[in-house]
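Colleague: My questions concern the predicted model and sequence given below.
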Amino acid sequence: MPGAVAEITVKEGSQAEFEKLAMEMEQAVNANEPGIVYYRLFKVQGESNKYVFMEQYKDMAAVEAHRAAEHFKRIGRAMGAHMDGPPKVTRMDKVK
């Protein structure tokens with residue numbers, strides 16, 4: 001099972017709008033992507049502008065469906081306006 005961790009730094013002052021959009025993303029992904037096992041947003045403790053999306057997918061087809069989803073593209077673009085650079089994404093495979 002593939003997984004990913006996306007570490008995101010948000011521009012100071014943009015946290016509230018980013019969180020609103022990121023929670024919209026979390027809800028849309030979990031409601032519309034049957035290949036998602038786990039997709040959640042976390043805020044890093046002790047940091048005012050660092051967030052992490054933790055993701056797990058049933059298979060690579062689910063990863064591709066996620067990347068192609070309209071809501072991912074639309075909300076992702078809106079979130080990008082509040083990010084201080086691109087996310088650092090670590091891709092992983094579940095140990096069997």
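Modeller: That came in fine, so what should we check first?
Colleague: Against which helices or strands is the strand or helix carrying Gln27 packed?
Modeller: Using DSSP states H and E, Gln27 falls within helix 15-32. The helices and strands touching helix 15-32, judged by 3 or more C-beta pairs under 8 Å, 6 or more residues apart in numbering; DSSP states H and E, are strand 36-43, strand 50-57, helix 70-80. For every residue, glycine as well, the C-beta is placed using N, CA and C.
Colleague: neighbouring contacts of that helix?
Modeller: Here helix 15-32 makes contact (C-beta atoms under 8 Å, 6 or more residues apart in numbering) with 8, 10, 36, 39-41, 43, 48-49, 51, 53, 66, 69, 71-72, 75-76, 78-79, 82-83.
Colleague: one more time with 6 Å, if that's ok
Modeller: Here helix 15-32 makes contact (C-beta atoms under 6 Å, 6 or more residues apart in numbering) with 10, 36, 39, 41, 71, 75, 78-79, 82.
Colleague: any chance of those in CSV, plus distance to Val29?
Modeller: What follows is the contacts of helix 15-32, written out as CSV (distance: C-beta to C-beta, whole Å):
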residue, distance to Val29
Val10, 19
Ile36, 6
Tyr39, 5
Leu41, 10
His71, 7
Ile75, 9
Ala78, 14
Met79, 12
His82, 18
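Colleague: coming back round to it: and the helix holding Gln27, what's buried?
Modeller: 15, 18-19, 21-22, 25, 28-29 (16 or more other C-beta atoms under 10 Å).
Colleague: Understood, closing this out.
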